[in-house]
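Asker: my questions concern the predicted model and sequence given below.
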Amino acid sequence: MNVGREGGEGEGVPVGDAPLPVPEGGRSNVPYREIYTEYAERAGIALEGSYIPLGMKRYVRDYFSSLEP
């Protein structure tokens, strides 16, 4: 099945194949400390809603803890 845009120039081109814009300067505009709280909240929700084998949960939590600022 070919999912794409309908009509015009993009006909038959999958939606996800559009070229990405070139990053400007390679730097983030938002300091990590400012977004960490939202990131940690989303990571916690993902961990709670995902199946993680019992023996691996500690490693996953340790990984996310290592990302703290």
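Answerer: Now that the structure is in, tell me what you want to look at.

Asker: tell me which stretches of this structure form helices.
Answerer: 32-49, 57-66 (DSSP state H).

Asker: TSV please, covering these and showing mean neighbour count, mean pLDDT and distance to Pro21.
Answerer: All C-beta atoms are positioned from the backbone trio N, CA, C, and that covers glycine. Below are the helices of the chain laid out as TSV (neighbours: other CB atoms under 10 Å; pLDDT from 0 to 100; distance: least, CB to CB, whole Å):
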stretch	mean neighbour count	mean pLDDT	distance to Pro21
helix 32-49	11	85	21
helix 57-66	11	87	29
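
Asker: could you report the pLDDT at Leu20?
Answerer: pLDDT for Leu20: 78.

Asker: and it, how many residues sit next to it?
Answerer: 5 (other CB atoms under 10 Å).

Asker: end-to-end on stretch 44-61?
Answerer: 9 Å (CA to CA, to the nearest Å).

Asker: just give me how far it sits from the chain centre.
Answerer: On the basis of CA atoms, centre = their mean, to the nearest Å, stretch 44-61 is displaced by 17 Å from the centre of the chain it belongs to.

Asker: burial count for Glu68?
Answerer: Glu68 - counted by other CB under 10 Å - has 9 other residues nearby.

Asker: please name the nearest non-neighbouring residue to it.
Answerer: Nearest residue to Glu68 in three dimensions, chain neighbours excluded: Tyr36, at 7.1 Å (CB to CB, 6 or more residues apart in numbering).

Asker: pull the contacting residues for that neighbour.
Answerer: By CB atoms under 8 Å, 6 or more residues apart in numbering, the residues touching Tyr36 are Leu67, Glu68, Pro69.
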